[in-house]
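1. A structural model of the following input is requested.
(one chain, ligands or ions: 1)
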Amino acid sequence: MTDIFSAPHFRDDNEARKTLEAILWPDGPVCPFCGVIGHAYATKRAGLYRCAEKQCRKDFTVTMGTVMERSKIALHKWLQAFHLMCSSKKGVSAHQLHRTLDIGYEAAWFMAHRIREAMRAGGLAPLGGNGGIVEADETYYGRVERPRKRRTDGRPYVKEGKSANKRPIVAPVERGGNVRTFHVPVADKASVSKIVRENIARESKLHTDESPLYTAVGREFADHGTVKHTAHEYVRYENDDAIHTNSAEGYFSIFKRGMRGIYQHCKEKHLHRYLAEYDFRYNHRIALGYNDGDRAALAVKNAAGKRLTYRGPNGIGL
Ligand SMILES: [Zn+2]
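-> Have a look, this model is predicted:
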């Protein structure tokens, strides 16, 4: 790790800025006010550009409109933080960032959450499709802060016992592909069906365990294969498919080990951000052809557009 950080863009603010510009502006400076690409002058101050559009003429820098905007932390430290969070399988605690980057703990904490925001995916196409297999499974992690009353209507899918009052997470996972996790207040038929419906292409084959949560929604897919975990069945062969939910289980296991080891105290309201972080690393894992550097560059690229406002010169929306 220390060898990697000897690169100039990890050591020097100005070098880091140049790296950011290369990643975020491959076709020249992008004005965050009017959106024009490659039509700006460099000013005397390094990193400050002036839009050359007649109607605009505003000054901007590469961090405007990104999660790094208005941060007092030097850019090379941001790049180190991006790299650390993208390359360690289980994540990096704010304490570790605070020590490694020599910045205040609070600053490190905010930085980590902003990087998670950059890692968050949004508005994506459905998983699966083309007869692909998508597994769906749910798990429970951490105690809820306001315990719910037990339901008394006898419905079988209400978790009691060990999982009662824990935070439910629902995860559709493409076999050999991407994951998309959701923290829901309650994992019941309504919430689970909604996630499955909205995130998995209808032409996919759905694989789940025998939970009744998936029975009805399963009929909407090309095929619905189930394994009986309660009967210790973990894989079943049907036609040419191996029916299992091992990808989902594998994801949950990385997530839980990481959360227990690195992020012991995660408030419920932040759980979805941590999930976004684990999803991002999983979806850009080595097996899918990404190395640590690719992953960090992608997260940095994602850092743009998270705070864009798209305003015209007179405040008119574009
Ligand atoms: Zn402009």
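2. For Val235, which non-adjacent residue is closest in space?
-> His244 (4.2 Å; CB to CB, 6 or more residues apart in numbering). All C-beta atoms are positioned from the backbone trio N, CA, C, and that covers glycine.
3. That neighbour contacts Lys205, doesn't it?
-> No - the pair formed by His244 and Lys205 falls short of the contact definition of CB atoms under 8 Å, at 12.0 Å.
4. Run through the helices of the stretch 51-200 of the chain in chain order.
-> According to DSSP state H, counting those that start in this stretch, the stretch 51-200 of the chain carries its helices in the segments 75-87, 94-101, 105-119, 189-199.
5. out of those, which comes closest to Asp223?
-> Nearest to Asp223 among these is helix 189-199 (13.8 Å), distances taken as CB to CB.
6. Give me the buried positions along the closest one.
-> Along helix 189-199, these residues count as buried under the neighbour rule (16 or more other CB atoms under 10 Å): 189, 191-193, 195-196, 199.
7. pLDDT averaged over it, what's the number?
-> Taken as a whole, helix 189-199 carries a mean pLDDT of 96.
8. Tell me which residues are up against it.
-> Contacts of helix 189-199 from elsewhere in the structure, counted by CB atoms under 8 Å, 6 or more residues apart in numbering, are 126-127, 136, 138, 157, 170, 172, 180, 182, 184-185, 206, 212-214, 216-217, 220.
9. ok, the residue of the stretch 151-300 of the chain found nearest the ion - contacts?
-> Of the stretch 151-300 of the chain, the residue with the smallest distance to the ion, taken as CB to the ion, is Val300 at 22.3 Å. For Val300, the contacting residues are 20, 23-24, 79, 82, 118, by CB under 8 Å, 6+ apart.
10. Quick one: classify it as helix, strand or coil.
-> Of the three states, Val300 takes helix according to DSSP: H, G, I helix; E, B strand; the rest coil.
11. would you list every one of the strands in the chain?
-> Assigned by DSSP state E, the strands in the chain fall at 40-42, 49-51, 59-60, 133-143, 166-174, 182-183, 205-209, 223-227, 236-238, 241-243.
12. Can you point out the buried residues in the second one?
-> For strand 49-51, a neighbour-count test (16+ other CB under 10 Å) marks 49-51 as buried.
13. Give me the distance from it to the chain's centre.
-> Strand 49-51 sits 32 Å away from the centroid of its parent chain (CA atoms, centre = their mean, to the nearest Å).
14. any residue of that strand up close to the ion?
-> Yes - using CB under 5 Å from the ion as the criterion, contacts between strand 49-51 and the ion involve Cys51.
15. Against which helices or strands is the helix or strand bottoming out on mean pLDDT in the chain packed?
-> Using mean pLDDT, DSSP states H and E, strand 236-238 stands out as the lowest-scoring helix or strand of the chain, at a mean of 90. In this structure, strand 236-238 packs against strand 223-227, strand 241-243, with contacts taken as 3 or more CB pairs under 8 Å, 6 or more residues apart in numbering; DSSP states H and E.
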